[in-house]
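1. need coordinates for the following:
(one chain, ligands or ions: 1)
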Amino acid sequence: MCDKEYVGFATLPNQVHRKSVKKGFDFTLMVAGESGLGKSTLVNSLFLTDLYKDRKLLNAEERITQTVEITKHTVDIEEKGVKLKLTIVDTPGFGDAVNNTECWKSVADYIDQQFEQYFRDESGLNRKNIQDNRVHCCLYFISPFGHGLRPLDVEFMKALHEKVNIVPILAKADTLTPTEVKKKKIKIREEIEQYGIKIYQFPDCDSDEDEDFKQQDHQLKESIPFAVIGSNTVVEAKGKRVRGRLYPWGIVEVENSAHCDFVKLRNMLVRTHMQDLKDVTRETHYENYRAHCIQNMTRMVVKERNRNKLTRESGTDFPLPVVPGVGDETEKLIREKDEEVRHADQQPDSHHHYDHEHESEHYSAHHEPSESESNAGTHTDQRDLSDEAL
Ligand code: GDP
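-> The predicted structure follows:
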């Protein structure tokens, strides 16, 4: 019996692997929740970098009037030759002010602006080097001191659950006993269900996966909300140097799975579900935004067409291009001015050149933008503003 002949497409995964490694990966993670819940500490512990070197902490007075200001930190991390551009989007001050109504709005706007930017780039001429700033995951920090979810938590998650993958986090788990953690998790999961909050759903495991994998998957689903502990200090526990928090009665270790779900969260984010979080962002959240945008654009075109139909002379079969503001009278004026300019241009005097420019400026000032033009203007303004905010 002769050996089975191979064409060679079994190398396809290697080709994909080589190409992606060369290109590098990117991931954008958002952290949200009231300040002081340990967001920055956790992010630093997760990626073993100091992302908040130049952070300025506000005093109570500043925080009262503070609106939700969004900041972005980017680091390039490399591990075994694989490069990851990690962006952390922070929402400091969230929930701090006295009046917190609609404090989720600027976060929702931020996510939409990134979708809008991507949509514009994708519809543009050069699609080769698009920078993807879409938010792939939002870690939402829940206070360990309340009784389950607060109204603000419900409002925030409901406002964002169709725009981003929300992963709920039970902050500062070292302030609770194991029984309390268990009870709080059950309560929070029940409330998430009761209020119809759609958090990120881990994909179901295939039936042919091995038992270990199935077990891990089950444990991951049961861990929601991840009870975490963050620390930026290294302490000595049982002769080993570990990241942890030192208390008079003992040490809590960040990476000890008997103490908290930190390792589970990190594995989920980095090792097992990073690609799925990106896929869901692209296939569900961005697709929803895109469909919504296209629907609005179609509606605008139909409206414009109907308006043109009304202004068109009856009996004409061709849609005449309507330039708003340019009527018979204006056209006559333009023709007269053109004539004047042509006449002036024939005389070699630099002054006239200035007049020429001046006239054209004068004309453009009278040219009313069409609806689509003025809309485009609004969009650019919005983007400029958001860039400034960063
Ligand atoms: P952020 O405002 O949400 O970014 O919070 P920070 O990371 O600045 O942390 C606020 C305070 O909480 C700091 O004093 C931290 O040392 C402390 N902290 C951070 N993580 C934990 C934790 O897991 N447990 C406890 N008990 N304290 C923490």
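
2. please, where are all the helices along the chain?
-> 12-23, 39-47, 60-65, 105-123, 151-160, 178-194, 211-222, 262-266, 274-280, 287-311, 328-345, 350-366, 371-389 (DSSP state H).

3. pLDDT of the third one, averaged?
-> Helix 60-65 shows a mean pLDDT of 49 in the predicted model.

4. the fifth one too?
-> When pLDDT is averaged over helix 151-160, the result is 92.

5. can you pull the buried residues of that helix?
-> Leu152, Asp153, Val154, Glu155, Phe156, Met157, Leu160 (16 or more other CB atoms under 10 Å). Heads up, the C-betas are built off the backbone N, CA and C, glycines and all.

6. same question for the fourth one.
-> If you call a residue buried by 16+ other CB under 10 Å, then helix 105-123 has these buried ones: 106-118, 121.

7. how about TSV for those, with pLDDT and distance to the ligand added?
-> TSV is the format used below for those (pLDDT from 0 to 100; distance: CB to the nearest ligand atom, whole Å):
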residue	pLDDT	distance to the ligand
Ser106	84	17
Val107	89	15
Ala108	91	20
Asp109	91	21
Tyr110	91	18
Ile111	94	20
Asp112	93	24
Gln113	92	23
Gln114	94	22
Phe115	94	26
Glu116	92	28
Gln117	91	26
Tyr118	92	28
Asp121	89	31
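
8. need the contact list for the residue in the stretch 51-200 of the chain positioned nearest to the ligand.
-> Per CB to the nearest ligand atom, Lys172 is where the stretch 51-200 of the chain lies closest to the ligand, at 3.7 Å. Lys172 is in contact with Leu37, Gly38, Pro144, Ile229, counting by CB atoms under 8 Å, 6 or more residues apart in numbering.

9. give me the phi and psi angles of it.
-> phi 40, psi 50 (degrees, to the nearest 10).

10. below-threshold pLDDT in the stretch 101-250 of the chain: ranges please.
-> Applying pLDDT under 70 to the stretch 101-250 of the chain picks out residues 101.

11. up against the ligand, what does this structure have?
-> Ser35, Gly36, Leu37, Gly38, Lys39, Ser40, Thr41, Lys172, Asp174, Thr175, Ile229, Gly230 (CB under 6 Å from any ligand atom).

12. recalculate using a threshold of 8 Å.
-> 31, 33-44, 52, 55, 57, 90, 92, 141, 171-175, 228-232, 245, 252, 254, 260 (CB under 8 Å from any ligand atom).

13. what about stretch 140-154, distance to the chain center?
-> 22 Å (CA atoms, centre = their mean, to the nearest Å).

14. give the buried residues for it.
-> Tyr140, Phe141, Ile142, Ser143, Pro144, Gly148, Leu149, Leu152, Asp153, Val154.

15. got it, and stretch 171-189?
-> Result for stretch 171-189 [16+ other CB under 10 Å]: buried residues Ala171, Lys172, Ala173, Asp174, Leu176, Val181, Lys184, Lys185, Ile188, Arg189.

16. for stretch 232-241, measure first residue to last.
-> 13 Å (CA to CA, to the nearest Å).

17. quick one: contacts of that stretch?
-> Counting by CB under 8 Å, 6+ apart, Thr41, Asn44, Ser45, Asp50, Val242, Arg243, Gly244, Arg245, Leu246, Ile251, Glu253 sit against stretch 232-241.

18. bridging residues for the fifth one?
-> It refers to Val242. Counting by DSSP bridges, Val242 forms beta bridges with Val235.
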